[in-house]
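Colleague: My questions are about this predicted structure, shown below with the sequence.
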Amino acid sequence: MSGSFYIYNARIVNEGEIFPGDIVIRNGIIQKVIRTSEFGGAMPAQKGFLSLDARGKYLIPGVIDDQVHFREPGLTHKGDIFTESRAAVAGGLTSFMDMPNTNPQTLTQELLEEKYRLGAEKSMANYSFYMGASNDNLDEILKTDPQNV
């Protein structure tokens with residue numbers, strides 16, 4: 001989700017503590033966490049930001065699941081990237097890393113790129129995909145960019 005938000009009056013849960021504060025999010029990225037002296041303080045005007053009053057609510061970090069099995073392509077009767085990422089987001093997940101056990105298994109760069117295309121089209125969360133390994137695809141594995149996978 002992109003956009004600019006100013007979330008104020010939150011009970012921020014972070015690094016082992018709960019404290020009153022505000023969060024500035026610009027273009028979908030947290031820019032600043034502001035500690036305030038009390039819950040329910042006044043919100044300064046933030047031009048160009050959607051302001052959200054979180055009075056009485058907790059703001060907690062999202063969860064990253066590094067081993068999901070969304071089964072797309074080929075096994076979508078069990079779940080697909082859209083339905084599974086939607087369920088994950090509803091449960092507080094912000095990011096996932098999908099395993100290569102699909103049909104066909106993700107054993108080539110072409111199949112890996114197809115999963116990234118599906119993720120861009122369907123995912124409700126941040127995503128990454130694992131490259132599968134077999135006895136026969138060492139050349140494909142060596143082509144894998146570790147910055148992307």
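Modeller: Here it is on my side, so go on.

Colleague: could you pull out the strands for this structure?
Modeller: With DSSP state E as the criterion, the chain has strands at 5-14, 17-26, 29-35, 50-53, 58-59, 63-68, 93-98, 126-129.

Colleague: Just put the ones you listed in TSV and tack on distance to Ala120.
Modeller: All C-beta spots, glycine's among them, are computed from the backbone N, C-alpha and C. Output for the strands of the chain, formatted as TSV (distance: least, Cβ to Cβ, whole Å):
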stretch	distance to Ala120
strand 5-14	23
strand 17-26	21
strand 29-35	18
strand 50-53	24
strand 58-59	28
strand 63-68	17
strand 93-98	13
strand 126-129	9
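
Colleague: biggest helix in this structure, by residue count?
Modeller: Ranked by residue count under DSSP state H, the longest helix found in the chain is helix 109-122.

Colleague: which of the residues in that helix are buried?
Modeller: Burial within helix 109-122, assessed by neighbour count using 16 or more other Cβ atoms under 10 Å, is assigned to Gln109, Leu111, Leu112, Glu114, Lys115, Leu118, Gly119, Lys122.

Colleague: In terms of secondary structure, what does that helix contact?
Modeller: helix 81-90, strand 126-129 (3 or more Cβ pairs under 8 Å, 6 or more residues apart in numbering; DSSP states H and E).

Colleague: Need the residues that contact that helix.
Modeller: With Cβ atoms under 8 Å, 6 or more residues apart in numbering as the test, helix 109-122 has contacts from 72-73, 80-82, 85, 98, 102, 104-106, 127, 129, 131, 140, 143-144, 148-149.

Colleague: returning to what we had before: okay if I get the buried residues of helix 109-122 as TSV plus distance to Phe19 and pLDDT?
Modeller: Converted to TSV, the buried residues of helix 109-122 look like this (distance: Cβ to Cβ, whole Å; pLDDT from 0 to 100):
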residue	distance to Phe19	pLDDT
Gln109	46	96
Leu111	46	96
Leu112	42	96
Glu114	44	96
Lys115	40	96
Leu118	40	96
Gly119	35	96
Lys122	37	96
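
Colleague: that older thread, between the longest helix of the chain and helix 81-90, how many degrees?
Modeller: Interaxial angle, helix 109-122 versus helix 81-90 (axes from the mean of the first three to the mean of the last three Cα atoms, to 10 degrees): 60 degrees.

Colleague: wait, doesn't Val68 sit right on Asn101?
Modeller: No - Val68 lies out of contact with Asn101 (Cβ atoms under 8 Å); the separation is 10.7 Å.
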